[in-house]
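1. Sequence and predicted structure are below.
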Amino acid sequence: MVFDFFRNTLSKITPYIPGKSIAEVTESLGITDVIKLASNENPLGCPVKLNHLANTFKKIHYYPHQESAPLIQKLSEKFGVNKSQIVLGNGSDEIIQMIAGIFLNPDDEIITSKHTFSVYQFVAYLFDASVIEVPMQSYRYDLEAILNAVTPKTRLIFIANPNNPTGTIITHDEITELLNRLDPKIIVVLDEAYAEYVDSPYYPRATELMRSHHNLILLRTFSKIYGLAGLRVGYGIGSEEIIRAMQKIRQPFNLNSLALKAGELALDEASHIERSLILNKKSKIFLYKELDRLGLNYLKSEANFICIFLPISGKEAMDRLLHEGIIVRPLESFKIENAIRVTTGTLPQNKRFIQALTKILAPKGDDE
Ligand SMILES: Cc1ncc(COP(=O)(O)O)c(C=O)c1O
């Protein structure tokens with residue numbers, strides 16, 4: 001070992017393992033028509049055309065300015081908040097890190113749940129804080145258990161809503177109760193990466209709650225329904241005091257010019273959002289019906305993915321599906337055994353997934 005002075009916390013951090021890329025699968029298995037249903041991206045793609053970004057590209061030699069970007073103005077109108085209540089991030093991942101960066105001292109605690117997005121844990125370890133992970137109830141966040149887990153060291157509570165990978169939600173009334181009972185010095189981060197897909201009338205109205213609860217931070221992203229995952233655009237909305245602190249520690253030019261412009265343009269693409277929503281609904285109806293036919297258990301989802309329970313391990317299912325040219329996410333890393341998360345695709349992609357799933361689960365000898 002040459003360097004023995006890496007920070008101790010690094011030994012706690014497991015590197016994030018993203019799903020395999022289409023190119024990787026093509027290269028390693030020689031399959032050319034690979035479909036990726038592993039990372040909850042929009043199968044209809046990006047709504048912004050390249051030529052709409054041509055003017056921005058002509059000015060690419062200038063540094064980008066998020067402070068004056070029309071994207072912030074548009075978001076402030078959309079959410080009915082002041083511009084000073086919004087911060088943009090290079091993906092919402094970066095905002096999660098900024099939140100940890102402004103609140104966590106060594107030995108502080110964050111609370112999150114089992115079976116959820118791993119970045120919350122990652123940022124806590126990065127800042128030498130501890131992670132309290134409470135169990136879920138029926139694959140939903142258990143807010144009572146979260147309240148019971150609060151200690152004098154608790155600084156942040158992270159809630160993904162809908163949760164990744166279960167697709168379950170907590171309601172407006174539930175989050176209101178949590179906020180009412182919680183010490184207002186503890187910050188609640190409501191990560192709504194999949195909000196646009198939600199159907200439930202009981203979904204939290206976060207900006208309304210923010211008016212009375214200054215300890216609430218809302219996170220959103222352009223990576224999912226807006227189809228901009230590759231450009232990395234996320235945003236946080238919160239009290240001016242909190243956002244000011246985040247602006248203080250963010251990298252000066254964290255969002256690139258193309259991302260700022262594409263985010264702004266994507267907000268105008270209402271028809272793309274509408275089509276994506278309709279497709280997602282149709283996909284879920286189709287997949288539920290087929291999974292029922294196959295006798296498989298799954299969780300009804302408010303997002304654009306489904307957690308499916310299998311008679312084999314998630315890792316084995318993923319490997320077998322890869323050989324059929326389909327990339328899905330095994331859920332062992334989310335501490336769910338024998339399960340995968342599949343993103344809804346286009347209708348032909350969903351069909352192909354079901355065919356492949358049927359094939360890999362068929363008893364040996366039944367293969368056509
Ligand atoms: C719950 C949740 N939050 C945040 C993110 C990160 O999104 P972004 O691409 O904006 O960094 C994801 C991505 O999968 C997610 O599932």
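-> That came through, no problem.

2. Only C-alpha atoms from now on, for both contacts and neighbour counts.
-> Fine.

3. and the stretch 151-300 of the chain, which of its residues are near the ligand?
-> Proximity of the stretch 151-300 of the chain to the ligand, by CA under 6 Å from any ligand atom, involves residues 160, 164, 191, 193, 221, 223, 229, 232-234.

4. Swap in 5 Å and give it another go.
-> 160, 221, 223, 234 (CA under 5 Å from any ligand atom).

5. between those, which has the most around it?
-> The most crowded member of those, judged by other CA atoms under 10 Å, is T221 (28 neighbours).

6. Check the closest residue to that residue other than its chain neighbours and give its pLDDT.
-> Using CA to CA, 6 or more residues apart in numbering and skipping the chain neighbours, the partner closest in space to T221 is G234 (4.1 Å). In this prediction, G234 carries a pLDDT score of 98.

7. is it true that G234 touches G89?
-> Yes: between G234 and G89 there is a contact under CA atoms under 8 Å: 5.0 Å.

8. since we're on H323, how many residues are nearby?
-> Other residues close to H323 by other CA under 10 Å number 16.

9. out of the residues of the stretch 151-300 of the chain next to the ligand, which are inside strands?
-> Mapping these onto strands (DSSP state E) picks out 160, 221, 234.

10. Please, where are all the helices along the stretch 1-150 of the chain?
-> 22-29, 54-58, 70-79, 92-103, 119-126, 143-149 (DSSP state H, counting those that start in this stretch).

11. Now do the shared contacts for G234 and G89.
-> Common neighbours of G234 and G89 (criterion: CA atoms under 8 Å, 6 or more residues apart in numbering): I95.

12. Go through the ones in strands among the residues of the stretch 151-300 of the chain next to the ligand and name the one nearest D142.
-> Of all those, A160 has the smallest distance to D142: 12.1 Å, by CA to CA.

13. Am I right that the closest one is in contact with T116?
-> Yes: under the contact definition of CA under 8 Å, A160 touches T116, with a separation of 7.2 Å.

14. where exactly do the strands run in the stretch 201-350 of the chain?
-> All strands of the stretch 201-350 of the chain, identified by DSSP state E, counting those that start in this stretch, fall at 216-221, 234-237, 305-309, 326-327, 329-330, 339-343.

15. Just the residues contacting the longest helix along the chain, thanks.
-> Counting by DSSP state H, the longest helix found in the chain is helix 270-293. Applying CA under 8 Å, 6+ apart, the contact partners of helix 270-293 are 42, 44, 47, 197, 225-226, 297-298, 304, 344-347, 350, 354.

16. Out of these, which two sit at the greatest distance?
-> P47 and N297 (34.0 Å).

17. show me where pLDDT drops low in the stretch 251-368 of the chain?
-> 365-368 (pLDDT under 70).

18. What is the burial count for S68?
-> Neighbourhood size, S68 [other CA under 10 Å]: 10.

19. Please tell me how far it sits from the ligand.
-> Distance, S68 to the ligand, using CA to the nearest ligand atom, to the nearest Å: 21 Å.
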